[in-house]
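>>> Provided below are the primary sequence and the corresponding predicted coordinates.
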Amino acid sequence: MIRKKVSYALSRLRLRCSWIRCHSVLVQLCRNGRLQRQKMARSHVYFSVDPPIAAVQRRAMAGRDLPVELPAKIAVLILVEFIQNPDASFEDLTRAISRKTRVAIDAGQIQWLFEQHGLKKTTQSQEPPPGEP
């Protein structure tokens with residue numbers, strides 16, 4: 001019964017947030033420890049503080065298409081990380097950028113960035129250049 005009331009309250013809050021500014025309310029709930037806040041691309045997503053519910057919410061978000069357009073600053077950081085670690089996979093780059101910037105990005109967004117700009121991710125050859133023993 002409580003879960004139904006919470007769901008109903010959240011759905012009503014979602015409706016209200018669509019036509020009024022609710023940023024200050026959400027930030028206050030985060031500061032009071034009643035919501036979790038995570039930056040994703042150019043916006044923030046709010047999750048429950050209850051771990052099982054938050055896990056369900058995160059899985060639901062993972063199924064959605066996140067905006068693939070990355071801010072220029074994040075794109076540059078991705079490229080710098082790639083230059084410094086050319087053998088890193090898209091997942092490795094995702095973890096490194098998330099750790100350094102606290103911005104949640106998806107490996108698919110990095111792959112899309114490479115494809116959009118015609119960048120090829122190749123591994124370095126271990127063979128010596130011609131003419132070297």
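Yep, that arrived.
>>> next helix or strand past the helix or strand that contains Glu81?
Here Glu81, judged by DSSP states H and E, is contained in helix 72-84. Downstream of helix 72-84, the first helix or strand assigned by DSSP H and E is helix 90-101.
>>> quick one, that following helix and helix 72-84 angle?
Counting by axes from the mean of the first three to the mean of the last three CA atoms, to 10 degrees, helix 90-101 points 120 degrees away from the direction of helix 72-84.
>>> how about stretch 95-104: buried residues?
Judged by neighbour count (16 or more other CB atoms under 10 Å), stretch 95-104 contains these buried residues: 96-97, 103-104. C-beta coordinates here come from the backbone N, C-alpha and C atoms, glycine included.
>>> swap in stretch 25-36?
26, 29-30, 35-36.
>>> mind putting those in JSON lines, pLDDT and distance to Lys121 included?
Below are the buried residues of stretch 25-36 laid out as JSON lines (pLDDT from 0 to 100; distance: CB to CB, whole Å):
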{"residue": "Leu26", "pLDDT": "84", "distance to Lys121": "37"}
{"residue": "Leu29", "pLDDT": "88", "distance to Lys121": "41"}
{"residue": "Cys30", "pLDDT": "87", "distance to Lys121": "37"}
{"residue": "Leu35", "pLDDT": "90", "distance to Lys121": "37"}
{"residue": "Gln36", "pLDDT": "89", "distance to Lys121": "33"}
